[in-house]
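In: Can you look at this prediction? I've put the sequence above it.
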Amino acid sequence: QVQLVESGGGLVQAGGSLRLSCAASGRSFSRYALGWFRQAPGKEREFVAVIGWTPITDYADSVKGRFTISRDNAKNMVYLEMNSLKPEDTAVYYCAAGGGVGRTPNFYNYWGQGTQVTVSS
C-alpha cells in the first residue's frame, strides 16, 4: 500500500515556474514507477511525465523541454519542476505510483488527491 500527497500547486503567470512535490508513504517506494498526470476541466486525465525505478524518464510532447521529473528514494519523494508555464498547463496535477513505466492511468495503482496549478496569461 502506498499513500501519495501532492503539494506545491498555485497560481503563476505565464512564463513562470512551479515545483510540485509528492510525498509517499509505504514500503518499497524505490521499486515503483512514479508518474505525474493532469486533468483540466472537461478533459480526460492526461500523462505528463514518469520516472522509473531506474533513472529512465518519459515526458509528454507538450511538456518536453519545459518540465523535469525527479525522485529522491531516501526521502520517498517525487518532484515535477515546471518551467516556461503556459495557460494550457492549467489543470489539477496528480502523482501516481505503479509497477510499470507507462503513459496511461491503468499502469498506476496508487494516486494522490491532486494539486491545482493555474497559469494566467
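Out: Thanks, I have it. This one's a predicted model, so the numbers in the text were calculated from it and none came from an experiment. Numbering: from 1, shown residues only.
In: can we go C-alpha only for contacts and neighbour counts from here?
Out: Fine.
In: Arg38 belongs to a strand?
Out: Yes - under DSSP: H, G, I helix; E, B strand; the rest coil, Arg38 falls within a strand.
In: That one contacts Ala49, correct?
Out: No - judged on C-alpha atoms under 8 Å, Arg38 makes no contact with Ala49 at a distance of 9.8 Å.
In: so what's the residue nearest the centre of the chain scoring on pLDDT?
Out: Closest to where the C-alpha atoms of the chain average out (C-alpha atoms, centre = their mean) is Trp36, at 2.3 Å. Per-residue pLDDT puts Trp36 at 98.
In: Does it touch Ala49 like I think?
Out: Yes - contact criterion C-alpha under 8 Å: Trp36 and Ala49 qualify, at 5.3 Å.
In: hang on, the earlier thing: list the contacts for the residue nearest to the centre of the chain?
Out: Contact partners of Trp36, counting by C-alpha atoms under 8 Å, 6 or more residues apart in numbering, are Phe47, Val48, Ala49, Val50, Leu80, Tyr93, Tyr94, Cys95, Ala96.
In: All good on my end, thank you.
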